[in-house]
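> all I have is the shape, not the residue letters:
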């Protein structure tokens, strides 16, 4: 994140997102796939690192044993293999091979950003659930960061489901909704979003118009 | 790569000619203040006791004594609301943060003047 100034001098904390150019790799239709969506790919991947299936997904592969099957092959985007591929549900007038840039957000005021949050490993209840922990003194022994009681006694002799405890925290899909679009830099394909988005610096996120009313 | 992108964005927020001063200088900070639709300039005078942050987030702290009470304000260096910063006097200082001034009162607050060659 960084900080920019608006014309009236207000300082705004912004996250800089490189939004595009993205290639349209596939268009899902109700007839063939059962749902409508557009599949976008971002950032080229070196061919030597891409699996054959990834290379074949973006362009037609020629091989000794390739022969035409009965069905027509799907149209291909004819681009390099892509690092980050996501589908966006809904109707679209985009066609395979088209390029999507930050211009898509020209009219958009608020966005939802989905990414993979920073992994914190096995975290205790204080970090994971904002528990208060226990006192530093007054007889508390070696349990300063523990939760208190977790339930009742002989009746019911078990814990109820949903009891919050330590465990894996982070490294999960997370969406931050209703973030304001501060500025668009069409030349460099940059999207400036107010506030923080999920994930580490340099992480991949998908951005869409907010569905929050 | 990603740092290059961040620099690109920060560059748009930077002033072309950022005010020049050093820690220990006594400065007049000219602030643009919007009152209703009218804009006026307010001046805050004091000693620069520290710089912090980098790029568009760079800030500077100014300390002065008002009615026997120490007052500190922190300004964003590149904010358009900072009209200009005038250096009135330069002080001889040997550290980057002059927090030791906070514990001083009266004559002890003064800094020795630095002669510019």
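Done, it's in. Worth saying up front: this structure is predicted, and the values here are computed from it rather than measured.
> drop to CA atoms for contacts and neighbour counts, all remaining ones
Noted.
> got a list of contacts for the lowest-mean-pLDDT helix or strand in chain B?
Among the helical and strand segments of chain B, the one scoring lowest on mean pLDDT, DSSP states H and E is helix B:2-13, with a mean of 86. Residues outside helix B:2-13 that contact it (C-alpha atoms under 8 Å, 6 or more residues apart in numbering or on different chains): A:2, A:3, A:4, A:5, A:16, A:202, B:55, B:56, B:78.
> next, the buried residues of it.
B:6, B:9, B:10, B:13 (16 or more other C-alpha atoms under 10 Å in any protein chain shown).
> do stretch A:190-199 as well
Within stretch A:190-199, the residues scored as buried using 16+ other C-alpha under 10 Å are A:190, A:191, A:192, A:193, A:194, A:195, A:197, A:198, A:199.
> what is the nearest of these to residue A:156?
residue A:198 (39.6 Å; C-alpha to C-alpha).
> contacting residues around residue A:30?
residue A:36.
> list phi and psi for it.
Residue A:30 has phi and psi values of phi -60, psi -40 when expressed as degrees, to the nearest 10.
> can you tell me how far it is from chain B?
38 Å (C-alpha to the nearest C-alpha, to the nearest Å).
> for residue B:19, which non-adjacent residue is spatially closest?
For residue B:19, ignoring the flanking residues on the chain, the nearest one in space by C-alpha to C-alpha, 6 or more residues apart in numbering or on different chains is residue B:85 at 5.9 Å.
> wait, a helix at the one you found?
No. Residue state for residue B:85 (DSSP: H, G, I helix; E, B strand; the rest coil) corresponds to strand; a helix is not indicated.
> pLDDT score for it?
As predicted, residue B:85 sits at a pLDDT of 93.
> give me the pLDDT for residue 62.
No chain was given, so I picked chain A. Reported pLDDT for residue A:62: 75.
> you looked at the wrong chain, it should be chain B
pLDDT, residue B:62: 95.
> partner strands of the longest strand along chain A and their direction?
Across chain A, the longest stretch assigned as strand under DSSP state E is strand A:173-185. In the sheet, strand A:173-185 lines up against strand A:110-116 (antiparallel), strand A:190-194 (antiparallel) (DSSP bridges).
> can you name the element that comes right after the shortest one?
Yep, that's strand A:190-194 we're talking about. Using DSSP states H and E, the helix or strand that follows strand A:190-194 in sequence is strand A:205-209.
> which residues sit against that next one?
A:86, A:105, A:108, A:110, A:111, A:112, A:113, A:114, A:115, A:116, A:198, A:199.
> switch to 6 Å and redo it
Residues outside strand A:205-209 that contact it (C-alpha atoms under 6 Å, 6 or more residues apart in numbering or on different chains): A:111, A:112, A:113, A:114, A:115.
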